[in-house]
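Undergrad: Fold the following.
(one chain, ligands or ions: 1)
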Amino acid sequence: MADKNFAAGEKNSKGADVLVTGAAGFIGSHVCEELVKRGLRVVGLDDLSSGRLDNLAPLADHPCFRLVEGDICDATAVDQLFQDEHPAAVAHLAALVSVPRSIDDPDENFRLNLAGSQIVLEAARIAGTQRFVFASSAAVYGDTRAPTHTEEESSKHPLSPYGAAKLAVEHLLCAHAHCFGMSATALRFFNVYGPRQDPSSPYSGVISIFADRLASGAPITVFGDGEQTRDFVFVQDVARGVADAAQFQETGFRVVNCCTGRASSVLDLVQGLAQSYHDEVEPQVFHQAPRAGEIRHSLGDPSGFARVFGWTPATSLADGLRELLASGGRGGMLKQG
Ligand SMILES: NC(=O)c1ccc[n+]([C@@H]2O[C@H](COP(=O)([O-])OP(=O)(O)OC[C@H]3O[C@@H](n4cnc5c(N)ncnc54)[C@H](O)[C@@H]3O)[C@@H](O)[C@H]2O)c1
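TA: Modelled structure (predicted):
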């Protein structure tokens, strides 16, 4: 593994407090920043397949952070990294993150999202890592038709290989906590948005794509009537939740939704973005046929996360959209002036 040492060549001789896989990604980079802000030493692992070094620019030269470029599926190298660092906690976010890609290539989904997670889990077990946090997804629920997804009551019928792998890893985590006395937490992220989400990816979140199109004056395409709803959670709130879970000492397994409990329609988003934009532009919206298989409504109940960790989402959609637009970089408005 190549060591992309962000700490200007300074190897942390004491090892890391937290190892973050997928550190150069959209969510992973915010998680690293949050952990470092808390005074923790962090080592990131990323193969830069969809993540970018730019995302970690705020941590460049920080003595408490370094990035190792490598693949979670390389078991020997992952073992070695855990042996070198002996992290007390791991936040495992590296993944093939696209539902459509997991349907196009189920083998790759299995290799990265299931087998890759097992490699990280096993390396953590051997190194005696005490706490494991896993980036799971609302995709584990599928289309339950329940008005709100709760962790225990809602049925879990994943509709994609991606959702199935996330659910399988939750089960592996549960067994590890039971057999090896780990503190293991699965966080089911709903629709995460915020600065650094890549709008150029066809699989990216709808908010970053809309923001990008608004900035360039391009029309916005809405599939169906636009009344389909999602639970949008701001990335810095998510990062805070991951950091809270990484510091949670109690052994055992728990799974919690990471969401706001507020439903926003796709048309609400278009309006919200237009109002937050400094010119208050009137967006051009074109409707296309609904996408086959698209879930109509997805809303989470965040009370489990509040109960276990005291975590609540602090950022309203209006504030989050404003922050996204102000960020100006990827996932934000590129227009100046
Ligand atoms: N963004 C969301 O709304 C959302 C929702 C639910 C769950 N999640 C989960 O959160 C996690 C982070 O997602 P994201 O949105 O930040 O995506 P992202 O693509 O920005 O981040 C994933 C990171 O993992 C890295 N990676 C991929 N394969 C790797 C490998 N084999 N070895 C090492 N690194 C590898 C990528 O380079 C990238 O930096 C993922 O596990 C994803 O499934 C995200």
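
Undergrad: right, is stretch 303-321 up against the ligand?
TA: No. Judged by CB under 6 Å from any ligand atom, stretch 303-321 and the ligand are separated, with a smallest distance of 12.9 Å. For glycine as for every other residue, the C-beta is placed from the backbone atoms N, C-alpha and C.

Undergrad: List the buried residues for that stretch?
TA: Neighbour-count burial for stretch 303-321, counted by 16 or more other CB atoms under 10 Å, picks out Gly304, Phe305, Val308, Phe309, Trp311, Pro313, Thr315, Leu317, Gly320, Leu321.

Undergrad: Determine which two of those are furthest apart.
TA: Pairwise distances across those peak at 28.6 Å for Val308 and Leu321 (criterion: CB to CB).

Undergrad: In contact with the residue in the stretch 51-200 of the chain positioned nearest to the ligand, which residues?
TA: With CB to the nearest ligand atom, the shortest gap between the stretch 51-200 of the chain and the ligand falls at Gly51, namely 2.0 Å. Contact analysis of Gly51 by CB atoms under 8 Å, 6 or more residues apart in numbering lists Gly22, Ala23, Ala24, Gly25, Phe26, Gly28, Ser29.

Undergrad: Give me the subset of the buried residues of stretch 303-321 lying in helices.
TA: Judged by DSSP state H, these include Gly304, Phe305, Val308, Phe309, Leu317, Gly320, Leu321 as members of helices.

Undergrad: From the ligand, how far out is the last one?
TA: What that stands for is Leu321. According to CB to the nearest ligand atom, to the nearest Å, Leu321 stands 15 Å off from the ligand.

Undergrad: Is that residue in contact with Gln271, as I believe?
TA: No. Counting by CB atoms under 8 Å, Leu321 does not reach Gln271; the two are 10.1 Å apart.

Undergrad: Within range of the ligand, give me the residues from the stretch 201-337 of the chain.
TA: Residues of the stretch 201-337 of the chain lying near the ligand by CB under 6 Å from any ligand atom: Gly205.

Undergrad: For the stretch 201-337 of the chain, just list every one of the helices.
TA: For the stretch 201-337 of the chain, applying DSSP state H, counting those that start in this stretch gives helices covering 206-215, 235-246, 266-276, 303-309, 317-327.

Undergrad: Of these, which stretch is the most buried?
TA: Of all the helices of the stretch 201-337 of the chain, helix 235-246 carries the top mean neighbour count, a mean of 24, counting by mean count of other CB atoms under 10 Å.

Undergrad: For the residue lying closest to Gly304 once chain neighbours are set aside, list each beta-bridge partner.
TA: Closest residue in space to Gly304, ignoring its immediate chain neighbours: Val256 at 4.3 Å, by CB to CB, 6 or more residues apart in numbering. Beta bridges link Val256 to Leu187, judged by DSSP bridges.

Undergrad: Could you report the neighbour count for Val256?
TA: Residues lying near Val256 (other CB atoms under 10 Å) number 24.

Undergrad: Okay, buried residues for stretch 249-267 please.
TA: Here stretch 249-267 shows 253-267 as buried, counting by 16+ other CB under 10 Å.

Undergrad: just these now: which is nearest the ligand?
TA: Cys258 (8.3 Å).

Undergrad: Wait, that closest one touches Ala186, no?
TA: No. Counting by CB under 8 Å, Cys258 sits too far from Ala186 to count as a contact (9.7 Å).

Undergrad: in the stretch 201-337 of the chain, which ranges drop under the pLDDT threshold?
TA: Within the stretch 201-337 of the chain, the stretches with pLDDT under 70 are 201-204, 278-281, 329-337.

Undergrad: tell me, how many neighbours does the residue of it found nearest the ligand end up with?
TA: Taking CB to the nearest ligand atom, the ligand has its nearest neighbour within the stretch 201-337 of the chain at Gly205, 5.6 Å off. Around Gly205 there are 21 other residues, counting by other CB under 10 Å.

Undergrad: so what's it up against?
TA: Asn191, Val192, Tyr193, Gln197.

Undergrad: ok, and of these, which contact the ligand?
TA: Asn191, Val192.

Undergrad: Redo the contacts of Gly205 as a markdown table? Include neighbour count and pLDDT.
TA: Below are these laid out as a markdown table (neighbours: other CB atoms under 10 Å; pLDDT from 0 to 100):
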| residue | neighbour count | pLDDT |
| --- | --- | --- |
| Asn191 | 18 | 93 |
| Val192 | 22 | 95 |
| Tyr193 | 25 | 93 |
| Gln197 | 23 | 88 |
